[in-house]
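In: no sequence for this one, just the structure:
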């Protein structure tokens with residue numbers, strides 16, 4: 001069965017689901033300050049599912065969602081940042097002020113992560 005990528009915005013998760021089981025996810029939040037952005041905090045692939053391209057598919061879809069919404073992505077997750085550096089044509093850099101605002105919001109809400 002193919003892996004479905006499902007955006008659960010209210011929960012702050014982009015899920016990779018296979019056979020009704022979550023096999024990976026990106027934990028993220030929406031930047032409150034204008035201009036809004038999607039901020040990737042963690043990318044996780046469940047044990048036994050590594051090496052199948054799931055993390056890359058998640059990050060690629062995350063950037064596609066942001067593009068569809070006309071907002072930037074701030075990849076605070078190390079994996080997402082590495083993926084973005086390897087795929088600059090699909091992962092435009094967020095403006096510095098947006099990155100600073102994302103870091104400030106993450107620090108403020110650190111108890112959630």
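Out: Here it is on my side, so go on. Since we're looking at a predicted model, the values are computed, not measured.
In: longest single helix anywhere in the protein?
Out: Longest helix in the chain, counting residues (DSSP state H): helix 54-69.
In: how about that one: buried residues?
Out: Going by neighbour count (16 or more other C-beta atoms under 10 Å), the buried part of helix 54-69 is 54, 55, 56, 58, 59, 60, 61, 62, 63, 65, 66. Every C-beta, even on glycine, is put in place using the N, C-alpha and C of the backbone.
In: what stretches of this protein score poorly on pLDDT?
Out: Judged by pLDDT under 70, the chain has its weakly predicted residues at 1, 112-113.
In: any idea which residue sits dead centre in it?
Out: Nearest to the mean C-alpha position of the chain, by C-alpha atoms, centre = their mean, lies residue 40 at 3.7 Å.
In: isn't that one right next to residue 72, touching?
Out: No - assessed by C-beta atoms under 8 Å, residue 40 is found out of contact with residue 72, at 11.3 Å.
In: can you pull out the helices in this structure?
Out: Applying DSSP H to the chain gives helices spanning 54-69, 78-86, 96-108.
In: with distance to residue 35 added, can I get these in CSV?
Out: Shown next, in CSV, are those (distance: least, C-beta to C-beta, whole Å):
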stretch, distance to residue 35
helix 54-69, 11
helix 78-86, 18
helix 96-108, 6
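In: among these, which comes closest to residue 15?
Out: Across the helices of the chain, residue 15 has its closest neighbour in helix 54-69 (8.5 Å, C-beta to C-beta).
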